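Trainee: requesting a structural model of the entry that follows:
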Amino acid sequence: MTPWEILPDGVTSKCSSLFGFPANRAAVEAALGPPQGVDLDSNGIGPIDVWALRFPCGREVRLWFFKMRPDGSMIEGRDDLSSMEVQTTDLDIDNARHHLPLSIDEIWPWERNPGGIIVVPRPFLLVRQDDNGNRFEVKSFTSRCEAQAALAVFEALGHKQTYWLDSAAPQP
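Mentor: Modelled structure (predicted):
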């Protein structure tokens, strides 16, 4: 789990809607504590509760918990599923999921362009060297904090192989 700080005055940078996912109030509050905003206006989609967070890498996230179903009925129980929207300061879904201490198995990405393709640079590489000196790219990441977390997981496996972070080659 990545530590975060609560932003009592809300997110300070420009945020874009990135994706939505199903969540229940009890799980969100167990992971993030009480919301910073309660019963706020969502510009016509019904009342929302809002959490505003900043992660150590500087990424700011605003989470909207919708309290009204699409049919107009209100979410009553803390265990009832509702929609939660993630708004953030960058467009990398994987990085947002890495930081949020919530179980996010199903997402509904917001489309960013006519083809729906989001191209995000991934300048941090996790590299492995095997016992024979062969080097392999394991995975690339958009943020150093996510890459370091993955590096720690691989190093903890106790294999003889060596892992390190490297810079990705510039894209043409």
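Trainee: alpha carbons only for contacts and neighbour counts from here, please
Mentor: Noted.
Trainee: so Leu151 sits against Leu157, correct?
Mentor: No - judged on Cα atoms under 8 Å, Leu151 makes no contact with Leu157 at a distance of 10.2 Å.
Trainee: which of those two has more residues huddled nearby?
Mentor: Higher neighbour count among Leu151 and Leu157: Leu151, with 19 against 9, using other Cα atoms under 10 Å.
Trainee: ok, the more buried one - contacts?
Mentor: Contacts for Leu151 were tallied using Cα atoms under 8 Å, 6 or more residues apart in numbering; they are Leu126, Tyr163, Trp164, Leu165.
Trainee: out of these, which are buried?
Mentor: Buried members of those, counted by 16 or more other Cα atoms under 10 Å: Leu126, Tyr163, Trp164, Leu165.
Trainee: residues contacting Pro3?
Mentor: Here Pro3 is in contact with Phe55, Pro56 (Cα under 8 Å, 6+ apart).
Trainee: where's it, which helix or strand?
Mentor: Counting by DSSP states H and E, there is no helix or strand that carries Pro3.
Trainee: ok, now how distant is it from Val11?
Mentor: In this structure, Pro3 and Val11 are 16 Å apart, going by Cα to Cα, to the nearest Å.
Trainee: same thing with Gly37?
Mentor: Here Gly37 is placed at a distance of 12 Å from Val11 (Cα to Cα).
Trainee: then Val138?
Mentor: For Val138, the distance to Val11 - Cα to Cα - is 33 Å.
Trainee: and those two? Which one has more around it.
Mentor: Comparing Val138 with Val11 by other Cα under 10 Å, the one with more neighbours is Val11, at 20 against 13.
Trainee: a strand runs through that one, doesn't it?
Mentor: No - Val11: not assigned to a strand; according to DSSP: H, G, I helix; E, B strand; the rest coil it is coil.
Trainee: and the top helix by length along the chain, average pLDDT?
Mentor: The helix that spans the most residues within the chain, counting by DSSP state H, is helix 144-155. Across helix 144-155, pLDDT averages out at 81.
Trainee: again with stretch 107-115
Mentor: Throughout stretch 107-115, pLDDT has a mean value of 67.
Trainee: likewise stretch 128-141?
Mentor: 86.
Trainee: from Gly20, how far off is the residue of the chain most remote from its centre?
Mentor: Among the C-alpha atoms of the chain, the one most distant from their mean position (Cα atoms, centre = their mean) is that of Asn132, at 36.7 Å. As judged by Cα to Cα, Asn132 and Gly20 stand 45 Å apart.
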